[in-house]
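# Output the structure for:
(chains A, B and C)
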Amino acid sequence: MEKYLYIALFAPLVGSLVTAFFAQFPKTLFTGIFTSTLIFISFVSSMILLNYVDMDTIVHVEMMDWISAGNLSIPFGFVVDQVSVIMMVTVTLVSTVVHVYSIGYMDHDKSFNRFFSYLSAFVFSMMILVMSDNFVGLFIGWEGVGLCSWLLIGFWYHKHSASWAANEAFIMNRIADLGMLMGLFLIYWQIGSLQYDIVFANIVNLAPTTVTWIGIFLFIGAMGKSAQFPLHTWLADAMEGPTPVSALIHAATMVTAGVYLVVRASEIYVLIPEVGMFIASLGAFVAVFAASMALVNRDLKRIIAYSTLSQLGYMFVAAGLGAYWIALFHLMTHAFFKSLLFLGAGNVMHAMDDELDIKKMGGLYSAMKPTAILMSIASVALAGIYPFAGFFSKDKILEVAFNDGSYLLWFALFIGAGLTAFYSFRLVMLVFFGEKVHEKLGFHPHEAKPFVIYALTPLALLAIVAGFFEHSFHEFTTQLLSNYEFTLEHSVGMILIFATSAIAISGIAFAVFKYKRGGFSENIENWGIYKLLSNQYYIPKLYEVAIMKPFTALSKFIWLEVDMRIVDSTVDMIAKVIYGTGEKARKMQSGNLSSMLRWMVVGIIVLLVLAIFYRPMV
Amino acid sequence: MFEAIAFYTFSILTIIMFGIVVFTKNALYAMSALAGGMIFISGFFFLLGAEFLGVVQIIVYSGAIMAIYAFGMMFFDTTRDVKENIHSKKVLYALSIISAVLIVIILSAPIYSANIESLYPVGISQNYSENPGNVQDVGIVLFIKYLVPFELAAIMLLVAMISGIVLVSKRMEMNLTEEDNHEEKGEII
Amino acid sequence: MITLTHYLVLSGILFSIGLVGVMKRKNLLMLFFSTEILLNAVNVGFAAVSKYYGDLSGQMFAFFIIAVAASEVAVGLGLLVLWYKKTGSTDLDSIQMMKG
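The predicted model follows:
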């Protein structure tokens, strides 16, 4: 079985490295097919491992020693257990689809080969992240996906906005990574090891305060990667990258790494319910907060990005309340339907010549029927309508919140569900139905190539049926993760389900009804709340005024005053002193032996003085 | 008592002799004074019980080295006073005085000798013969412990000898003094 | 009572005289004489230390120094003769070839 583990892990790396050789050359179809094949192989290996892993058989390998210094011993160790194998399958499945899709999507891009190299490198980093058996390996993967994310957001680096967004994402993650690093240091300091099994075995012996701090620091790292408030602004800006990237990295895999971390470290968070409560509250807040921003946005991709944020909030609610398997389940189903939604959006973008404003679309259904159907499926799944995947996972989260007695959280999520349904169908209605605005603007939409559509069908299929695996998923993951006990009565549960479904359906119905009639009137845009929402609560502006500008001023001050005046001039002075000394000392070299002998005597005197005043400690 | 008298006598004489070497203008005087100083130095060696070294000092320095200098000086015009234009005498004397003071301070300071153990103690030849003496000691140490350096020193002397001969004898017929019509020197060679 | 310090101070004085010679003398021959003084001063020091520590190593060093001095004289004088033949002068100031 170790064979399959290595195949699953290293196939993407091989693809990335081989493709990297072609990065400078013009498009070669070979690179796309080659990497897609390797990712598919990785996916097959992951499936084999999924079948293999059960209660007693966890694949755990130690490839080699990596860091071994003093008491610190960190091997290159990989573990395939119930949690990581789920992540592996999800990641490789979505990656395979995205790779195949990208062959079509990036068809006209001149950096076609480079794109596939980056994309496979990302998959490799993500595999390291999920498969590592220690926190350091996780951190390496964590940074690896951060790097690949930076490369891919800034893929069209000649666009200023793209490179700006890439830097923003990278820097925000850096801030959060500091928190995570401190968490790791704290763990190592208190326990002396970073292996998962050793850490989890010893964590109960630590003082509760220490555990709390560890939990907080690790969660700060998770907040950055999963773009939780207040580090959320980068995710919407990250939509500057190519759409497959948004689908793979900023919807399905990388941003869920934070949830994965919390799930992986569940044995720590079980001990600190207060921190868990905080995580859940923050998650619920973000769920509504992000959904509200999605209501009014006109940018196709940003709407989906906010939706991702909102769904990540749902996952954190589940993880924070101790329902780890439900968080993981929602992570998986979300990966399917959200990447489908993004990839569909990519098709729309292609059809509309990279136009993103949904108000300029409309009536695309006639031109791109398959995409419209796929995106509708994904939206229904996102809204959480039976029997689509989102229904099972999202309803469970609401039930957890209710079960836990946190009715406020439940209510927030409940509202969030309604908002989700509304904005998803606002999107669908504005893009595919209604008045054909695009014809006036001179667009000639066309459907994507057939193989692109075929590549999306597995995701669509999973978005529909994944929910029915709930039971087996539950059995499988709770072998490792602690189970969550529902104490609700069955009737209450049913009422909750109906209530949630009702608000989701009413959200959909409202959207369909309203936008069929041409949507809201124009003067809604003058409402204060509309402005607040469309400006993202003025948070980016706040960051710009409160952080970026003072920081720029400070940097400029330090550059001009400290660096130029003090540091640089010190260095210059040292150079000048040496130069001047050399210029003066040059006269010593007169070539006259007699004067050289005198200098020798001077040297002797200096040595003698040193001999008198310098006494080595005896 | 005897040692003190001998030490001070030799010291004064040596210093005077070397002083003459350094300060005289006549090369012949300087050489004679140096030869004298060498012999007085050997007197210290005898006082210190290093008879073998004293003998070597007299033979090698006063005999061989001085003889070489004497021969060498035949090339040069030694009857004339040596003309030297010394510039910045102040610097010279300042440096001399400072270095002298420093060296004397260092050498007259108390010496920390607690940890010193003699590696090759005097009287090492007691194991080998009934009448130990400095010459036997030196012989034993030199030919057992210092055999390789000794042989190397021998090779070095051989090389020096050959190089001296080669350097001086090269193009002997074309020397500069002949061109200047100082024929008597050319004949001496 | 003559102690080690006496000998060392004497050695230092002789060495200083040698240094004065090295600095003051411009005639190369005289410079050689001065270096002989330096070497001899050190020899006295070595012999004295050897005696007072009862260790023969000092004498051995003095011995090798004498050997080195002999070699130095042989080679140095050879070079000096050669230089004199070439330039007709043994003055140190006439050698300026090392000017950088």
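# can you give me the offset of the longest helix anywhere in chain C from its chain's centre?
If you go by DSSP state H, chain C has its longest helix at helix C:57-87. How far helix C:57-87 lies from its chain's middle: 9 Å, per Cα atoms, centre = their mean, to the nearest Å.
# If you average the pLDDT over it, what comes out?
Here helix C:57-87 scores 87 as its mean pLDDT.
# Quick check: buried residues in it?
By neighbour count with 16 or more other Cβ atoms under 10 Å in any protein chain shown, helix C:57-87 contains the buried residues C:57-64, C:66-67, C:69-78, C:80-85. All C-beta spots, glycine's among them, are computed from the backbone N, C-alpha and C.
# Same question for stretch A:492-504.
Residues of stretch A:492-504 classed as buried by neighbour count (16+ other Cβ under 10 Å): A:493, A:496-497, A:499-501, A:503-504.
# Not counting its own residues, what contacts that stretch?
A:383-386, A:391, A:394-395, A:398-399, A:402, A:414-415, A:417-418, A:420-421, A:486, A:488 (Cβ atoms under 8 Å, 6 or more residues apart in numbering or on different chains).
# Kindly report the same for stretch A:41-61.
With contact meaning Cβ under 8 Å, 6+ apart, stretch A:41-61 is reached by A:1-2, A:4-9, A:11-12, A:77-82, A:85-86, A:88-89, A:92-93, A:95-96, A:123, A:127, A:133, A:476, A:479.
# Any of the residues you listed buried? List them.
With neighbours counted by 16+ other Cβ under 10 Å, the contacts of stretch A:41-61 contain buried members at A:4-5, A:7-9, A:11-12, A:77-82, A:85-86, A:88-89, A:92-93, A:95-96, A:123, A:127, A:133, A:476, A:479.
# Next, check the residues you listed against the helices and list the overlap.
A:4-5, A:7-9, A:11-12, A:82, A:85-86, A:88-89, A:92-93, A:95-96, A:123, A:127, A:476.
# and chain A, which of its residues are near chain C?
Within chain A, the positions near chain C by Cβ under 8 Å from any Cβ of the partner chain are A:586, A:589-594, A:596-598, A:601, A:604.
# and of the residues you listed, the nearest to chain B?
Of all those, chain B sits closest to A:V601, with 5.1 Å by Cβ to the nearest Cβ.
# what's the nearest residue to the closest one if we skip its chain neighbours?
Using Cβ to Cβ, 6 or more residues apart in numbering or on different chains and skipping the chain neighbours, the partner closest in space to A:V601 is B:L95 (5.1 Å).
# Tell me which residues touch the one you found, please.
Each residue near B:L95 by Cβ under 8 Å, 6+ apart is listed here: A:598, A:601-602, A:605, C:19, C:23.
# Quick check: buried residues in the host helix or strand of it?
When elements are assigned from DSSP states H and E, B:L95 belongs to helix B:89-108. Of the residues in helix B:89-108, B:92, B:95-96, B:98-100, B:102-104, B:106-107 count as buried by neighbour count, 16+ other Cβ under 10 Å.
# just the residues of chain B that are near chain A, which are they?
So far as Cβ under 8 Å from any Cβ goes, chain B lies against chain A at B:91-92, B:95-96, B:98-99, B:102-103, B:105-106, B:112.
# what's the next secondary structure element after the helix or strand of chain A with the lowest mean pLDDT?
One helix or strand of chain A scores below all others by mean pLDDT, DSSP states H and E: helix A:437-441, with a mean of 76. Toward the C-terminal end, the helix or strand that comes next after helix A:437-441 (DSSP H and E) is helix A:450-465.
# Need the contact partners of that following helix.
Identification of contacts with helix A:450-465 by Cβ under 8 Å, 6+ apart yields A:93-94, A:97, A:100-101, A:103-105, A:333, A:336-337, A:339-340, A:343-344, A:347, A:370-371, A:374, A:377-378, A:381, A:387-390, A:447.
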